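[1] just a sequence and a predicted model for now, questions to come.
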Amino acid sequence: MIITSTANALVKQLVQYKKKKKERDKAGLYLVEGKRMYEEIPPEDLLKTYVSESFYKKEKIAGTVLSDEVFHYVSDTKTPQGILCLVKQKKHKKEEVLKGEKKLLLLLENIQDPGNLGTIIRSAEAAGVSGVVISKESADIYNPKVIRSTMGSIFRVPFYYEEDMLALVRELKKEQVKTFAAHLEGSKNHEQGNYLGSCGFLIGNEGNGLSANLTKEADELIKIPMAGAVESLNAAISATLLIFEAARQRRQL
């Protein structure tokens, strides 16, 4: 059986999951597109698979078949790959994200751009970050654009949304986790910081940077040296540079 109408109830529900955070959270589900991403989904998290008619004829991957027109309607991309999955949301606990003796954390405040958030998650996996904490004002990690940008890292990087980032930073201090704030007024360049112990990098909003309260609470302000007339870097690029410097230092031990 091939679903050929966009008025189909199942199709309408998929579109709701694509567009609305409320619907995703209510169901505890999110959408994942693309063959490569499909292959990386943990089997226990995969709920349902949907394929376009042309994709099914070529790949023979089992799933509910949608006509190419209907699949395009459901897809969040201009050129759909032909496979879409319903996946269970991860419910990482705070303790799980913050565990470990030698923590390397990313603490994200009000990151709004889905592409930035997804790229940060991908970089976090590549650099060996132990956990990512996201402020409640940030973009939804289950937004389809975020998911695509993670390139599969969403399945492997522990994360959770924090209600009170200021309280968390103070809690981390008590646990001897040093926090570094990426800031234009940093007293030293990021290569000069010592990241060998448990630490966390505070990354602020793309337009406004880190809030004044969090900036004051950080143990140390660091800056990324830049040439030319550039005043600041993209949040994802800044986060990537910092965590890879930490990873480099730790490899020297």
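    On my side now, so go ahead.
[2] quick check: the spatially closest residue to residue 110 that is not a sequence neighbour vs residue 109, distance?
    Setting aside the residues directly before and after it, residue 110 is nearest to residue 205 in space (Cβ to Cβ, 6 or more residues apart in numbering), at 4.2 Å. In this view, the C-beta of every residue, glycine as well, is placed from N, C-alpha and C. Per Cβ to Cβ, to the nearest Å, residue 205 is found 6 Å from residue 109.
[3] anything in contact with each of those two?
    residue 211 (Cβ atoms under 8 Å, 6 or more residues apart in numbering).
[4] between the two, which one's more packed in?
    Using other Cβ atoms under 10 Å, the more surrounded residue of residue 205 and residue 109 is residue 109, with 26 against 19.
[5] my guess is that one contacts residue 214, does it?
    Yes. Contact status for residue 109 versus residue 214: in contact at 5.9 Å, counting by Cβ atoms under 8 Å.
[6] ok, residue 244 - contacts?
    Residue 244 makes contact with 123, 126, 127 under the criterion Cβ under 8 Å, 6+ apart.
[7] what's the neighbour count on the second one?
    This means residue 126. Burial of residue 126, expressed as a neighbour count using other Cβ under 10 Å, amounts to 15.
[8] phi first, then psi, for it.
    Backbone torsions of residue 126, given as degrees, to the nearest 10, read phi -60, psi -30.
[9] quick one: it from residue 47, how far?
    From residue 126 over to residue 47 the distance is 28 Å, taken as Cβ to Cβ.
[10] state the pLDDT value of the spatially closest residue to residue 241 that is not a sequence neighbour.
    The shortest distance from residue 241 to any residue that is not its chain neighbour, by Cβ to Cβ, 6+ apart, is 5.8 Å, and that residue is residue 224. For residue 224, the model assigns a pLDDT of 86.
[11] then residue 7?
    Residue 7 is assigned a pLDDT of 97 by the prediction.
[12] just read off the phi/psi values of residue 105.
    Geometry field for residue 105 lists phi and psi as phi -110, psi 150, criterion degrees, to the nearest 10.
[13] OK, contacts around it?
    By Cβ under 8 Å, 6+ apart, residue 105 lies in contact with 98, 129, 130, 131, 132, 133, 172, 177, 199, 200, 201.
[14] that one pairs with what?
    Beta-bridge pairing of residue 105 under DSSP bridges involves residue 131, residue 200.
[15] just send the contacts of residue 244 back as CSV, with distance to residue 156 too.
    Shown next, in CSV, are the contacts of residue 244 (distance: Cβ to Cβ, whole Å):
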residue, distance to residue 156
123, 13
126, 11
127, 13
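[16] ok, back up a step: what sits in contact with each of residue 109 and residue 214?
    165, 202, 204.
[17] now the strands for this protein?
    Here the chain has its strands, by DSSP state E, at 2-3, 29-33, 46-52, 64-66, 83-88, 104-108, 131-135, 159-162, 178-182, 188-189, 199-203, 220-223.
[18] the residue nearest to residue 110 against residue 112, yeah?
    Yes. Here residue 205 lies in contact with residue 112, judged by Cβ under 8 Å, at a distance of 6.6 Å.
[19] can you list residues touching both of these two?
    Here residue 205 and residue 112 share no contacting residue, scored by Cβ under 8 Å, 6+ apart.
[20] quick check: mean pLDDT of stretch 51-58?
    Mean pLDDT, stretch 51-58: 96.
[21] err, stretch 169-183, not the other one
    For stretch 169-183, the mean per-residue pLDDT is 93.
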